[in-house]
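Q: how would this look folded up:
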Amino acid sequence: MKKIIITSILFLSVIGYSQKHDLGKVTVDELKENSFSADTSAVAAVLFNVGTVYFDYSNNEGFEMVTKVRTKIKIYKKEGYEWANKSVSYFIGGNSKEKVSFSDAATYNLVDGKVVKSKLKSDGEFDEKVNKFWGRKKITLPNVKEGSIIEYEYTLTSDNFGTLENWYFQLDIPVVYSEFKTIIPEYYIYKPMMRGSLVPTVVNEKTTKTVSVANGAKMGYANNNSFIPGQFNYFENKTTYIINNIPALKDESFVNNIKNYTSSIEHELTSIHFPDTPFKDFSTNWETVTKKIYDNDNFGAELNKTGYFEKDVDILLNGINSQEEKIATIFNYVKNRMNWNEFYSYSCDVGVKKAYQDKTGNVAEINIMLTAMLRYAGFQANPVLVSTRSNGVSLFPSRTAFNYVISGIELNNQVVLLDATNKYSIPDILPIRDLNWFGRLIRKDGSSAEIDLMPKSTSKEVISLMANINDKGEVAGKIRRQYFDYNALIFRINNNKVNKDSYVEKLEKRYKGLEVGTYDVQNNDDLSQPIVENYDFTASNSVEIIGDKMYLSPLIFLATTENPFKQEEREYPIDFVYPNQDKYNISLTIPDGYVIETLPQAKAVAMPDNLASLKYMISSSGNKIQLVYTMDINQAIIGSEYYGELKAFFKEAVDKETEKIVLKKG
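A: Numbers count the residues shown, from 1 in each chain. This is a model prediction of the structure:
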């Protein structure tokens, strides 16, 4: 192999350093370390994580993509033992030839001042079929203790060149050294896409490689559709990405998907060009991406299939004239008929006809079927590609940016969004997994439009409480609680299949000292109405008695007592999922013989740009105390630049909710 270009001294120094990152070189000093100097709270630290992707050529198989990863981890605390388990998924669907193998897996411990190596044994290695698409190989390293060092290497071979393995520089524990190298033949062009705030050192190199081609080989120089035997040369583009001394990911509350902010790199195949063969372009912009998806037999062709639902839809819509009623009828029919098998994909698996017949399908089959029915009923309905919250935000034009599809109806200059995989969803109230920034609507002509998936309307929770306080400080009363829109959706998902006794028990555990009497809930299955809970209660520890005085919050057991935002600084946006309002209407009757000595002051607080607000209005008349308290979060996602104001806002809310009424014995 002859090098054509060798880059700078920086490259030579980087390669020289990376060569030190070999397995099997564990020292006594490394094993003696009992904490990570840069972060003493770390339960473990990755000493190095080195990945390489390259392409092997053989006459029988043609090109094959190989990913090799070698890792060395120091375990400091028992909580870090989980890092001695490693699993790697591989695709087994269709005609895939992916396979995974582990090697050089071992645990090192210090015993009587000497390094002792415990190799991985066969009983610590597992291979399992996750589903019909994915397999998973796992290892559990032996003899792991506080102070251990564990090492392993795995190799993933694949004939699927569409994407490279995503590489995560940043993990839940500190990483001393992370390196990712790609060695790619000139015939394949990949687009690298970086996420996160950490920027790697990038080194590029170009080399030539020579391979031999035999008669009947699968890949080589082509002329008139025949392969020419002999030797040929091609360029390899080598790129190395390195980051040193990477801090652990911070655990922050109200984060959508931490992968969106994790320092990482993705690669997607954008084109293939072999000599004397046509250029194949895959994805360069959103229009190209969506057209490729629409033209796929498992997407556009399935959407256009007919002859399996029309008679049923004709019967359903007989006598129905209004557009809203037609939409609701078709939507409810698909939700009730079809059962989601929990497979995510924008591509159909068994196809819409078989799924309709079997009454079971994946996301694509259910929502493409729904779209086809809506089109048949005369609506301008189109599929909307979505990247779910677990898949990350679709920042870059890419065929793998999406993993899900829903339906959108262009109606009255708006797009009404529907997802029939969840039986409790209604138009524009999607399952939470769908609420991930933007999707892309694909029209019949293959053009696309960006669709904002984030809810704009406010989902409310309205609580009305009437209660009496006796002279022992016990509170007894009734609560009426109403859940609207997304709050209702979440309630139904979490509780519709829970029996009443179990739910009441959960309620009593949530609010310490609460005892629930008669309980009922309305509108579990009437999705057009809010969920309504009614229950009687007694609360035994909501009032503090000191001498001749009583102290209590007017929200009694409903008060929030802790600020959810504790960190001094915030790196990531705050994700509330949807705009929401909590409104409390509270009426308290104080015990005979007591008078009101002190009432909290009324207060109104608002964040900049009206991102959030609260209004606290309290009054008394005779032995009655009335409180109307409203908290609004007006935007689903609030940028981290507002974190200081948001933290202060929630402190005001907690202070106000826990502020005491003082009653004095008269």
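
Q: switch to C-alpha atoms for all contacts and neighbour counts from now on
A: OK.

Q: in this structure, which spans are helices?
A: With DSSP state H as the criterion, the chain has helices at 9-18, 28-32, 286-295, 300-303, 310-317, 323-337, 352-358, 363-376, 485-495, 500-510, 643-658.

Q: list the buried ones in the shortest one?
A: So the one you mean is helix 300-303. Residues of helix 300-303 classed as buried under the neighbour-count rule (16 or more other Cα atoms under 10 Å) are 300, 302-303.

Q: Which one, of the helices of the chain, ends up nearest to Ser253?
A: helix 643-658 (11.8 Å; Cα to Cα).

Q: Off-centre distance for the closest one?
A: Mean-position distance between helix 643-658 and its chain equals 27 Å (Cα atoms, centre = their mean, to the nearest Å).

Q: Going by contacts, tell me the helices and strands next to that helix.
A: In terms of contacts (3 or more Cα pairs under 8 Å, 6 or more residues apart in numbering; DSSP states H and E), helix 643-658 is packed against strand 603-606.

Q: Need the buried residues of helix 300-303 in a markdown table (columns: distance to Ile173).
A: Below are the buried residues of helix 300-303 laid out as a markdown table (distance: Cα to Cα, whole Å):
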| residue | distance to Ile173 |
| --- | --- |
| Gly300 | 44 |
| Glu302 | 45 |
| Leu303 | 45 |
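
Q: So which of these is the closest to Gly93?
A: Here the nearest of these to Gly93, counting by Cα to Cα, is Glu302; it sits at 19.5 Å.

Q: need the contact list for the closest one.
A: 348, 351-352, 368 (Cα atoms under 8 Å, 6 or more residues apart in numbering).

Q: May I ask which two of the residues you listed are separated the most?
A: Spatially, the most separated pair among these is Gly351 and Ile368, at 9.9 Å (Cα to Cα).

Q: ok, the two, which is more surrounded?
A: Neighbours were counted for Gly351 and for Ile368 using other Cα atoms under 10 Å; Ile368 has more, 30 against 23.

Q: For the longest strand along the chain, which outside residues touch it?
A: Looking across the chain with DSSP state E, the single longest strand is strand 230-246. With Cα under 8 Å, 6+ apart as the test, strand 230-246 has contacts from 169-170, 174-186, 198-214, 220-221.

Q: Return the members of those residues classed as buried.
A: Buried members of the contacts of strand 230-246, counted by 16+ other Cα under 10 Å: 169-170, 174-185, 198, 200, 203-208, 213-214, 220-221.

Q: Next up, the contacts around the nearest residue in space to Ala44 that is not next to it in sequence.
A: Once flanking residues are discounted, Ala44 sits nearest to Ile75: 4.4 Å by Cα to Cα, 6 or more residues apart in numbering. Counting by Cα under 8 Å, 6+ apart, Ile75 touches 43-45, 81, 83, 145-150.

Q: Could you give me the PyMOL syntax to select whichever of those are buried?
A: The PyMOL command for the buried members of the contacts of Ile75 (criterion: 16+ other Cα under 10 Å) is given here:
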select buried, resi 43+44+45+81+83+145+146+147+148+149+150
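
Q: Quick one: mark the members of the contacts of Ile75 that sit in strands.
A: Using DSSP E, those in strands are 44-45, 149-150.

Q: pLDDT and distance to Ser502 for those residues - can I get that in JSON lines?
A: JSON lines is the format used below for the ones in strands among the contacts of Ile75 (pLDDT from 0 to 100; distance: Cα to Cα, whole Å):
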{"residue": "Ala44", "pLDDT": "98", "distance to Ser502": "39"}
{"residue": "Ala45", "pLDDT": "98", "distance to Ser502": "42"}
{"residue": "Ile149", "pLDDT": "98", "distance to Ser502": "45"}
{"residue": "Ile150", "pLDDT": "98", "distance to Ser502": "44"}
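
Q: Let me know the closest of the residues you listed to Lys444.
A: Of all the ones in strands among the contacts of Ile75, Lys444 sits closest to Ala45, with 51.1 Å by Cα to Cα.

Q: From Ser264, how far off is the closest one?
A: According to Cα to Cα, to the nearest Å, Ala45 stands 18 Å off from Ser264.

Q: low-confidence ranges in this structure?
A: Low-confidence segments of the chain, defined by pLDDT under 70: 1-19, 216-228, 283.

Q: Quick check: chain neighbours aside, which residue is closest to the most centrally placed residue in it?
A: Nearest to the mean C-alpha position of the chain, counting by Cα atoms, centre = their mean, stands Ser390 at 2.2 Å. Once flanking residues are discounted, Ser390 sits nearest to Asn257: 6.2 Å by Cα to Cα, 6+ apart.

Q: how much space between the one you found and Ser87?
A: Asn257 sits 21 Å away from Ser87, going by Cα to Cα.

Q: Thr421 too?
A: Distance from Thr421 to Ser87, by Cα to Cα: 29 Å.

Q: same thing with Tyr308?
A: 42 Å.

Q: Over to Lys603?
A: For Lys603, the distance to Ser87 (Cα to Cα) stands at 53 Å.

Q: Check the offset of stretch 292-303 from the chain's centre.
A: Worked out by Cα atoms, centre = their mean, stretch 292-303 lies 26 Å from the chain centre.

Q: first vs last residue of that stretch, how far apart are they?
A: 15 Å.

Q: go on, stretch 268-285?
A: Between the opening and closing residues of stretch 268-285 there is a gap of 12 Å (Cα to Cα).

Q: Mind listing what's buried along that stretch?
A: Neighbour counts over stretch 268-285 (16+ other Cα under 10 Å) mark 268-272, 282-284 as buried.
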